[in-house]
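Student: Need the 3D shape of this:
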Amino acid sequence: MSVKHSQDVPAVPLTVGTGASKAVLISDEEAPNFAMRNFTIQSGGSMPRHFNLVEHEQYVLNGRAIVTIDDVPYEVQPGDVLFIPAEIPHSYQTIGEEDFQFLCLVPNKADKTILLEK
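Tutor: The predicted structure follows:
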């Protein structure tokens, strides 16, 4: 068991995308089945088209973005919930003046991010 405040978990800049960072709130070392991450993409930022080997379950906390999943664009905002199946291409482009922030839960299985564009 653990209890901590999300602001006490440091965010690490991502090596792909523009203005994106990730804070691992609950790691695969802390929980047996799922990891919880908090992603932030700064206003004007993006994540390129890519896919992962595991599914993603996401909850939008702040800001707005166009999230393209399997070539279908969705405009998302706080309170929206997304399910991205494993191996499905997706990308993110912020819209508006606020940073886009979302929780992302993934199963604790071997994963890899495969870029489809740079």
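
Student: Please make it C-alpha for all contacts and neighbour counts, starting now.
Tutor: Noted.

Student: low-scoring pLDDT stretches of the protein, where are they?
Tutor: 118 (pLDDT under 70).

Student: Grab the longest strand from it for me.
Tutor: Secondary structure of the chain per DSSP state E: the longest strand is strand 34-52.

Student: in its sheet, what does it sit against?
Tutor: Here strand 34-52 has these sheet partners by DSSP bridges: strand 18-26 (antiparallel), strand 90-95 (antiparallel), strand 100-107 (antiparallel), strand 113-115 (antiparallel).

Student: Please convert those strands to a markdown table, extending it with mean neighbour count.
Tutor: Shown next, in a markdown table, are the strands paired with strand 34-52 (neighbours: other C-alpha atoms under 10 Å):
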| stretch | mean neighbour count |
| --- | --- |
| strand 18-26 | 19 |
| strand 90-95 | 22 |
| strand 100-107 | 22 |
| strand 113-115 | 13 |
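
Student: Specify the stretch among the ones you listed that is closest to Val54.
Tutor: Among these, strand 100-107 comes nearest to Val54, with 6.8 Å by C-alpha to C-alpha.

Student: contacts for the closest one?
Tutor: Outside of strand 100-107, the residues within contact range by C-alpha atoms under 8 Å, 6 or more residues apart in numbering are 33-43, 54-65, 94.

Student: Got a ChimeraX select line for the buried ones in these?
Tutor: Here is the ChimeraX command that selects the buried residues among those (16 or more other C-alpha atoms under 10 Å):
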select :34,35,36,37,38,39,40,41,42,43,54,55,56,57,58,59,60,61,62,63,64,65,94
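
Student: Assess the claim that Arg67 and Gln77 are in contact.
Tutor: Just to correct that, residue 67 is Val rather than Arg. No: counting by C-alpha atoms under 8 Å, Val67 stays clear of Gln77, with 10.3 Å between them.

Student: Distance to Pro10 added to the strands paired with strand 34-52, as JSON lines?
Tutor: Shown next, in JSON lines, are those (distance: least, C-alpha to C-alpha, whole Å):
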{"stretch": "strand 18-26", "distance to Pro10": "6"}
{"stretch": "strand 90-95", "distance to Pro10": "22"}
{"stretch": "strand 100-107", "distance to Pro10": "15"}
{"stretch": "strand 113-115", "distance to Pro10": "21"}
